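Participant: Below are the sequence and a predicted model for it; my questions follow.
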Amino acid sequence: MTSGTVSATDLEKGELRRAVRARLSALTPEELVQSDEALFTRFLALPQVEEADTIFAFWGIPGKEPDTSRLIGELVRRGKTVGLPRMLPDRRMEVRRYDPDKPLVTVSFGISEPGEDCPLLAREEIGLALAPAVCYDRRGFRLGFGGGYYDRWLEGFSGVTVGLCREAVLQDRVPTQAHDARVDILLTEGESLSL
């Protein structure tokens, strides 16, 4: 396939992204808050979270992802080192240490990330990574936002990977390609799936 050619799988992923966004936009603010609370309670109860000193999280985009700002605050209160993604050119990504005393920088697509003044965290330091997604399927495969940043970063990661997925958008099967990463543990409001 030549570059610039769109595959049938890419088209299928695009359709699913649109359908999931429509489903999420139909949820009320109260439903989103209740969902977040249930997801975060499950996440914080994981023994793997307790064991990890350093956790790679993400700052949720309002309306598209769980509001992880509350979860990150709780992790910091529990003495965890929290890293957040910082996007780089060529669809690459690095992890910078979150410092509650330093404001996050808002970049494209409403993403908030740490500034360059926050310390860089090496992949080997991170015990657990929380991977964002548009949605997941029951096999632990994620439908990302289409940039491939996380698939590239997760490729060399040896720690535990966890996904959060609202039951309202959990799929039986998302379209996948060879480079698509899957998580070790998938959490919904009502289930913890070890994969």
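Facilitator: All right, it came through fine.

Participant: Any idea how far the lengthiest strand in the chain is from the middle of the chain?
Facilitator: Selection of the longest strand in the chain by residue count, based on DSSP state E, yields strand 81-88. Using CA atoms, centre = their mean, to the nearest Å, the mean C-alpha position of strand 81-88 is found 11 Å from that of the whole chain.

Participant: Tell me which residues are up against the next helix or strand after that strand.
Facilitator: Heading C-terminal from strand 81-88, the first helix or strand you meet, by DSSP states H and E, is strand 92-97. With CB atoms under 8 Å, 6 or more residues apart in numbering as the test, strand 92-97 has contacts from 56, 81-88, 113-116, 118-121, 123, 126, 149-150, 152-153. C-betas here are computed from N, CA, C, even on glycine.

Participant: ok, of the residues you listed, which come out buried?
Facilitator: Buried members of the contacts of strand 92-97, scored by 16 or more other CB atoms under 10 Å, are 56, 81-86, 113-114, 118, 121, 123, 126, 149-150, 153.

Participant: Going by distance to Pro100, which of those residues wins?
Facilitator: Checking the buried ones among the contacts of strand 92-97 against Pro100 with CB to CB, the nearest one is Val82 at 9.1 Å.

Participant: That closest one: what's it in contact with?
Facilitator: Contacts of Val82 (CB under 8 Å, 6+ apart): 54-57, 72, 75-76, 97-98.

Participant: ok, it to Ser112 distance?
Facilitator: 13 Å (CB to CB, to the nearest Å).

Participant: Kindly report the same for Ala45.
Facilitator: Ala45 is 26 Å from Ser112, where distance means CB to CB.
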